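Visitor: got a structure for you, letters missing:
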């Protein structure tokens, strides 16, 4: 399908992303610092406001359908990115990364995620355009993933990121020091260039995003196949992920039913894709309503239902 994004729009949006990245790296988060809740809340509010304004602009320029597709895609990607936060907490704990260095790891993790998502989105768009039936494969995969989340006990899915095969392989290939060296990813020791634990932690963060992208990229294609809508909704979700981490990391244990909500969302999106086999299409407004309702219900349930004591 033809994208609503003209070359000028693509260039303009990429320039906007580069400016925001430069501001983030060069002005907002220079040096070692602990990102407090107030600063994280302010930055999260900025990214949410920018996404909503962009969605409103898409609505005004291209109509309600495109505007709703962007907003629905952004909500899906942003909610799925919350799942990344649970993993980031485990990764930083496993590698014993102090709070003042976590923002550096996440910044470069986000940069790697941007490149990865661009590649996967362009490849996915080309596949969908050439082989429409691939959408049904995406749907089956998402339904399987959603049901797996719903019926897999939390204890069974716990992972030890420091023991991940990719991380262990990297440690065998790349000379690594066991000592932290502030914000440095590499240091010179005895005339030899060595990777610090901060760099190995970054690799674990990047690998976790690869895993999550396998869910999130097919999910957005259930809403729209327009590359520009898919790309922009993903970028806004990823760019807001770091501030969301510092806002929610200390309270992740309170969202007990959020994983269940995400499982339901993925299952719903998978079913939505598979219904296309019978030419049944759920309107974007209805999809947005279902997704937001499920997520809100899971958060409310986490707050009001008391946790059972073992």
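Guide: Everything's here; your move. Computed from a prediction, not measured in an experiment: that's the story for all the values here. Residues are numbered from 1 along each chain as shown.
Visitor: Closest to the centroid, which residue in the protein?
Guide: residue 81 (3.4 Å; Cα atoms, centre = their mean).
Visitor: So it is in contact with residue 238, correct?
Guide: Yes. At 7.0 Å, residue 81 counts as touching residue 238 under the criterion of Cβ atoms under 8 Å. Every residue, glycine included, has its C-beta placed from N, CA and C.
Visitor: pull the helix or strand with minimum mean pLDDT from this protein.
Guide: In the chain, no helix or strand scores lower on mean pLDDT, DSSP states H and E than helix 165-173, which sits at a mean of 67.
Visitor: after that one comes which helix or strand?
Guide: Next along the chain after helix 165-173, taking DSSP states H and E as the criterion, comes strand 186-189.
Visitor: what helices or strands is that next one leaning on?
Guide: On a contact count with 3 or more Cβ pairs under 8 Å, 6 or more residues apart in numbering; DSSP states H and E, strand 186-189 meets strand 192-195.
Visitor: contact partners of the strand it packs on?
Guide: 170, 174, 175, 176, 177, 185, 186, 187, 188 (Cβ atoms under 8 Å, 6 or more residues apart in numbering).
Visitor: Pull out the buried members of these.
Guide: Buried residues within the contacts of strand 192-195, counting neighbours by 16 or more other Cβ atoms under 10 Å: 170, 177, 185, 186, 187.
Visitor: Those into TSV, with extra columns for distance to residue 228?
Guide: Formatted as TSV, those follow (distance: Cβ to Cβ, whole Å):
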residue	distance to residue 228
170	35
177	44
185	34
186	37
187	42
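Visitor: Do a quick rundown of the helices in the stretch 51-200 of the chain.
Guide: Applying DSSP state H, counting those that start in this stretch to the stretch 51-200 of the chain gives helices spanning 64-94, 99-130, 134-151, 165-173, 197-221.
Visitor: Now distance to residue 278 too, for those, in JSON lines please.
Guide: JSON lines is the format used below for the helices of the stretch 51-200 of the chain (distance: least, Cβ to Cβ, whole Å):
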{"stretch": "helix 64-94", "distance to residue 278": "21"}
{"stretch": "helix 99-130", "distance to residue 278": "19"}
{"stretch": "helix 134-151", "distance to residue 278": "11"}
{"stretch": "helix 165-173", "distance to residue 278": "40"}
{"stretch": "helix 197-221", "distance to residue 278": "18"}
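Visitor: show me the contacts for the nearest residue to residue 98 once chain neighbours are set aside.
Guide: Spatial nearest neighbour of residue 98, excluding adjacent residues (Cβ to Cβ, 6 or more residues apart in numbering): residue 180 at 7.8 Å. Applying Cβ under 8 Å, 6+ apart, we find residue 180 in contact with 98, 101, 196, 197, 198.
Visitor: Please check those residues and keep the buried ones.
Guide: When these are checked for burial by 16+ other Cβ under 10 Å, the buried set is 101, 196, 197, 198.
Visitor: And these, which is closest to residue 285?
Guide: For residue 285, the nearest member of these is residue 101. The distance, counting by Cβ to Cβ, is 43.2 Å.
Visitor: Report all helices and strands that the strand or helix carrying residue 296 contacts.
Guide: In this assignment (DSSP H and E), residue 296 forms part of helix 284-304. Helices and strands touching helix 284-304, by 3+ Cβ pairs under 8 Å, 6+ apart, are helix 64-94, helix 258-274.
Visitor: Present the ones you listed as TSV; the columns should include mean pLDDT.
Guide: Listed next are the helices and strands packed on helix 284-304 as TSV, based on pLDDT from 0 to 100:
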stretch	mean pLDDT
helix 64-94	83
helix 258-274	86
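Visitor: So for residue 146, which of these sits nearest?
Guide: For the helices and strands packed on helix 284-304, the distance to residue 146 is smallest for helix 258-274, at 3.2 Å, taking Cβ to Cβ.
Visitor: Now do that closest one: everything it contacts.
Guide: Contacts with helix 258-274, where a contact means Cβ under 8 Å, 6+ apart, come from 76, 79-80, 82-83, 86, 135-136, 138-150, 154, 215, 219, 221-223, 282, 287, 290-291, 294-295, 297-299, 302.
Visitor: Buried ones among those?
Guide: Of the contacts of helix 258-274, these count as buried by 16+ other Cβ under 10 Å: 76, 79-80, 82-83, 86, 135, 138-139, 141-143, 145-146, 149, 215, 219, 221-223, 282, 287, 290-291, 294-295, 298-299, 302.
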